[in-house]
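K.L.:
For reference, the sequence and a predicted model appear below.
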Number of protein chains: 4
Amino acid sequence: MLDGFEEIAAGLVATAKSFHARGWLLGTSGNLSAVGQREPLLLAMSPSGVDKGELRADQLLSIDQNARIVGQPGGKPSDESLLHIRIVRDRGAGAVLHTHSIWNTILSDVYARDGGVRIEGYEMLKGLQGVSTHEHAEWLPIVENSQDMATLAESVGETLNKHKAAHGFLLRRHGLYSWGENLAQAKRHIEILEFLLETIGRTLHIRANAI
Amino acid sequence: MLDGFEEIAAGLVATAKSFHARGWLLGTSGNLSAVGQREPLLLAMSPSGVDKGELRADQLLSIDQNARIVGQPGGKPSDESLLHIRIVRDRGAGAVLHTHSIWNTILSDVYARDGGVRIEGYEMLKGLQGVSTHEHAEWLPIVENSQDMATLAESVGETLNKHKAAHGFLLRRHGLYSWGENLAQAKRHIEILEFLLETIGRTLHIRANAI
Amino acid sequence: MLDGFEEIAAGLVATAKSFHARGWLLGTSGNLSAVGQREPLLLAMSPSGVDKGELRADQLLSIDQNARIVGQPGGKPSDESLLHIRIVRDRGAGAVLHTHSIWNTILSDVYARDGGVRIEGYEMLKGLQGVSTHEHAEWLPIVENSQDMATLAESVGETLNKHKAAHGFLLRRHGLYSWGENLAQAKRHIEILEFLLETIGRTLHIRANAI
Amino acid sequence: MLDGFEEIAAGLVATAKSFHARGWLLGTSGNLSAVGQREPLLLAMSPSGVDKGELRADQLLSIDQNARIVGQPGGKPSDESLLHIRIVRDRGAGAVLHTHSIWNTILSDVYARDGGVRIEGYEMLKGLQGVSTHEHAEWLPIVENSQDMATLAESVGETLNKHKAAHGFLLRRHGLYSWGENLAQAKRHIEILEFLLETIGRTLHIRANAI
């Protein structure tokens, strides 16, 4: 087992339970990963089909750059491991988190025709790495969903390349991806983006109705 | 006592507490069961009128195929035991869960005139057993509510027969039923269907108002 | 100290923490009581101005039929003790609970011109003591708020007398009162009425907007 | 270390965890402080960039009247320390809390053109220190957001001076500040103002749509 794997696994489990409690990982949805080793790449990855509210550290898998399990005999890595690996490679991320929340699902659809959600003028944006003012405009791109993971990984790669400043992206009617240099930063980014998506979603109601 | 009953009971209790915390089993509403033995049928069943947030494993009842208590002298099985037994028989389910959430109550009424809720195009659908793409269209039938449990069990039986692909159904202004081969799968199905019903309910607001 | 007082106090504390977690007792709002002795009346009552999420059993007060503290030297009973005593007397209640939720506050105002909220056709109604069908129509009267507790107790008394079948009432822009033969039943009634008020409030959005 | 610092730190940690669980301090947002000593001023202050759901007492910083760290070598005080110090000075507060909630963010923007939110007629207002009736009208001023903390502290100072009865204020698209004589009172004020802002926000939906 990789040095430090247990600590990484414990962090992923704590994050999984926190997000499951908030309703962002219901029904075994979503997945979490953190880099254990850069070269050659080893990623601690949540297994497929597991209740994230009951995730145990010994269920975390080690996968390589091709999403093949290293070491352990059992378990099945998430279908979306290729997306995690792509993000780790293209962004130099140390951790990648993917949530299915009510609000990220809704907004990924409502704004699909615009190709993304523009988030601007909120103090919360300052919590995104490298952002120093609420006047920042974050563009959260929306990628069309697909079950062909190689194709989807390509679309994600193109999106990452086109929107180099983006701290996350949405898969349409599917969910949110964000990442960070480490797990704490990735968790912070998810909490911030989920907060802002819910704020925007609820503001749509108020703006249209009451003012 | 049946072999394995304690483990089954512990699983039902953990599920009950999790759902009660989410507000899906308030006011002693809802009920949970899991198959202990197929032939002759023995079902571990939550008792009637118990606070699901404080459910104890020793309160679970064993009932037979006619919803009669086996073994224990005390306790009263839920009135809806007949529905659980029907689902176990018709679907070969290993566990049946019934929740009363705000959103399943609302949508069971709003879509009653359509006879069901059509859920299509969401990645979350892939978590339903046997579904392999978000392009799946799930039809969640709505059954008119009744206090005559024999009649209601018949209506449910007809609905199950007519909609063989359905992973659950709604009772109008009453609640959601879903099931699975085992408790983990049934819990997964409930979390997914509750998530999707809330997503659809909240999207109704946004679509009509703001776009 | 009254026999059984410790057990009663422990039950009130657990209920307070559960409701505070749901956001129904924020900011030291709301109060809880349970009958310790009928003749002469002794009521275990939550003190005024205490954080319900941090309530301790030793903070519960014993008060008599005039809302005077019995036994303990310190502490201040809630201003609304007179309402609790009135409900205990008029309804023969064993426990009285008063919550301040977002939805009970909103609906107590929206329906004020009707004098109450009509709740009909929901399965959840069956959880109210003595109700055996979802076809039941519950009338939840709304009483105008006041800071004169003697006057308010009189208004509440008149309301209880006029609506003998009611399982609770709303104080306008203030909160919900419900009760039961014992604490478990009172807690069940609060959970049911809060659920139904939120369901009705959210349905108002959907009905008007999207159908 | 200051006498009593450990107790103060424990209280701030408990408050931080409670508010983080409610979604009011997501993504390392918000901050909390309590006075340890009046003359010269020493303030226990949450550090910058820390996950409030995992805050530890040993991470709390002591800062002086110029927001310089006293004693500990490490850690970085929040950029908004100057606002806390200003409130402590101008209001004689013993604790200052700052939350980023969905509803305070939305209402700080929706009512920006009015310069504040008028909150009137709610029983919950009675929980604000010095308020004895629901007929009280609370004016919650809105201050335009800025990244220049000296300028923002000046704006806040002017607002506090102009609205001497206010129990809190909003920074536009940023968050809520409230305070109290001690931490318990400050926590009570935040819970009450968050409750009332959510109530007003949700009422905007209902009023416009359904009545």
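P.N.:
Received the coordinates, thanks.
K.L.:
a strand runs through A:L32, doesn't it?
P.N.:
Yes: the assignment for A:L32 is a strand, going by DSSP: H, G, I helix; E, B strand; the rest coil.
K.L.:
hang on, it packs against A:K17?
P.N.:
No: A:L32 lies out of contact with A:K17 (C-beta atoms under 8 Å); the separation is 10.8 Å. Placement of C-beta: from N, CA and C, glycine included.
K.L.:
Neighbour count for those two, which is higher?
P.N.:
The neighbour comparison of A:L32 against A:K17 (other C-beta atoms under 10 Å in any protein chain shown) goes to A:L32, with 28 against 15.
K.L.:
hmm, back to that, so what sits against both of A:L32 and A:K17?
P.N.:
Common contacts of A:L32 and A:K17 (C-beta atoms under 8 Å, 6 or more residues apart in numbering or on different chains): none found.
K.L.:
Can you check the pLDDT for A:M1?
P.N.:
Per-residue pLDDT puts A:M1 at 54.
K.L.:
Check A:N209 too.
P.N.:
Listed pLDDT for A:N209 reads 50.
K.L.:
go on, A:D79?
P.N.:
86.
K.L.:
Nearest spatial neighbour of it, chain-adjacent residues omitted?
P.N.:
The shortest distance from A:D79 to any non-neighbouring residue, by C-beta to C-beta, 6 or more residues apart in numbering or on different chains, is to A:M149 (5.7 Å).
K.L.:
What is the neighbour count of the one you found?
P.N.:
Per other C-beta under 10 Å, the neighbour tally for A:M149 reads 16.
K.L.:
Now do the contacts for it.
P.N.:
A:D79, A:E80, A:L82, A:L83.
K.L.:
How about A:I142?
P.N.:
The contact partners of A:I142, taken as C-beta under 8 Å, 6+ apart, are A:S108, A:Y111, A:A112, A:D114, A:G115, A:G116, A:V117, A:F169, A:L170, A:L171, A:R172.
K.L.:
Kindly give the local confidence score, pLDDT, for the third one.
P.N.:
Spelled out, it's A:A112. 97.
K.L.:
start to end distance for stretch A:74-82?
P.N.:
End-to-end distance for stretch A:74-82, by C-alpha to C-alpha, to the nearest Å: 19 Å.
K.L.:
For it, which residues meet the burial criterion?
P.N.:
A:G75, A:P77, A:S78, A:E80, A:S81, A:L82 (16 or more other C-beta atoms under 10 Å in any protein chain shown).
K.L.:
Would you mind giving the residues you listed as TSV with distance to D:L183 added?
P.N.:
Output for the buried residues of stretch A:74-82, formatted as TSV (distance: C-beta to C-beta, whole Å):
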residue	distance to D:L183
A:G75	46
A:P77	46
A:S78	43
A:E80	44
A:S81	46
A:L82	49
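K.L.:
Out of those residues, which comes closest to D:L160?
P.N.:
Using C-beta to C-beta, A:E80 comes nearest to D:L160 of these, at 50.1 Å.
K.L.:
Skipping adjacent residues, who's closest to the closest one in space?
P.N.:
For A:E80, ignoring the flanking residues on the chain, the nearest one in space by C-beta to C-beta, 6+ apart is A:N31 at 5.8 Å.
K.L.:
circling back: just the contacts of A:M149: which are in strands?
P.N.:
Nothing among the contacts of A:M149 maps onto strands, per DSSP state E.
K.L.:
ok, those residues vs chain B, which is closest?
P.N.:
The closest of the contacts of A:M149 to chain B turns out to be A:D79 (C-beta to the nearest C-beta; 8.9 Å).
K.L.:
Verify the stated contact: the closest one with A:S48.
P.N.:
Yes: taking C-beta under 8 Å as the definition, A:D79 is a contact partner of A:S48 at 6.6 Å.
K.L.:
Enumerate the positions of the biggest helix by length in chain A that are buried.
P.N.:
When chain A is parsed with DSSP state H, its longest helix is helix A:183-210. Neighbour counts over helix A:183-210 (16+ other C-beta under 10 Å) mark A:183-206, A:208-210 as buried.
K.L.:
What is the neighbour count of A:S33?
P.N.:
32.
K.L.:
Now do the contacts for it.
P.N.:
A:L12, A:L43, A:A44, A:M45, A:S46, A:S81, A:H84, A:V88, A:A95, A:V96, A:L97 are the contacts of A:S33 under C-beta under 8 Å, 6+ apart.
K.L.:
Under the pLDDT cut-off, which ranges of chain A? List them.
P.N.:
Scanning chain A for pLDDT under 70 picks out A:1-2, A:72-73, A:207-211.
K.L.:
residues from it in reach of chain C?
P.N.:
Neighbours of chain C within chain A, by C-beta under 8 Å from any C-beta of the partner chain: A:H205.
K.L.:
ok, which stretches of chain A are strands?
P.N.:
A:31-37, A:42-45, A:61-63, A:95-99, A:116-120, A:137-143, A:168-171, A:175-180.
K.L.:
which residues sit against the second one?
P.N.:
By that I understand strand A:42-45. In contact with strand A:42-45 (C-beta under 8 Å, 6+ apart) are residues A:2, A:5, A:8-9, A:12, A:31-36, A:60-64, A:70, A:77-78, A:81, A:84-85, A:88.
K.L.:
The third one too?
P.N.:
Residues outside strand A:61-63 that contact it (C-beta under 8 Å, 6+ apart): A:1-2, A:5, A:36, A:42-47, A:69-72, A:75, A:77, A:81, A:85.
K.L.:
Buried residues of that strand, list them for me.
P.N.:
A:L61, A:S62, A:I63.
K.L.:
From B:K76, how far off is the last one?
P.N.:
Counting by C-beta to C-beta, to the nearest Å, the gap between A:I63 and B:K76 amounts to 51 Å.
K.L.:
before we move on, what about A:T159?
P.N.:
57 Å.
K.L.:
can you check A:Q129 too?
P.N.:
For A:Q129, the distance to B:K76 - C-beta to C-beta - is 57 Å.
K.L.:
What of A:Q37?
P.N.:
Distance of A:Q37 to B:K76, given as C-beta to C-beta: 58 Å.
K.L.:
With A:S101 instead?
P.N.:
Note on A:S101: its distance to B:K76, by C-beta to C-beta, is 39 Å.
K.L.:
thought A:A21 was touching A:K52?
P.N.:
No: taking contacts as C-beta under 8 Å, A:A21 lies outside contact range of A:K52: 9.6 Å.
K.L.:
neighbour-wise, which of those two wins?
P.N.:
A:K52 (25 against 15).
K.L.:
quick one: contacts for that one?
P.N.:
In this structure, A:K52 makes contact with A:A16, A:K17, A:F19, A:H20, A:L25, A:T28, A:S29, A:G30, A:S46, judged by C-beta under 8 Å, 6+ apart.
K.L.:
okay, those in a markdown table with distance to A:H163 next?
P.N.:
Shown next, in a markdown table, are those (distance: C-beta to C-beta, whole Å):
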| residue | distance to A:H163 |
| --- | --- |
| A:A16 | 27 |
| A:K17 | 31 |
| A:F19 | 24 |
| A:H20 | 29 |
| A:L25 | 25 |
| A:T28 | 29 |
| A:S29 | 24 |
| A:G30 | 22 |
| A:S46 | 26 |
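K.L.:
Just the buried ones from those, in PyMOL syntax?
P.N.:
Command for PyMOL that selects the buried part of the contacts of A:K52, burial taken from 16+ other C-beta under 10 Å:
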select buried, chain A and resi 16+19+20+25+28+29+30+46
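K.L.:
and of the contacts of A:K52, the nearest to B:L140?
P.N.:
A:S29 (18.1 Å).
K.L.:
give me the beta-bridge partners of the nearest residue to that closest one once chain neighbours are set aside?
P.N.:
Using C-beta to C-beta, 6+ apart and skipping residues adjacent in sequence, the residue nearest A:S29 is A:H100, 4.1 Å away. Beta-bridge pairing of A:H100 under DSSP bridges involves A:L25.
K.L.:
what two of the buried residues of stretch A:74-82 have the greatest distance between them?
P.N.:
A:G75 and A:L82 (16.7 Å).
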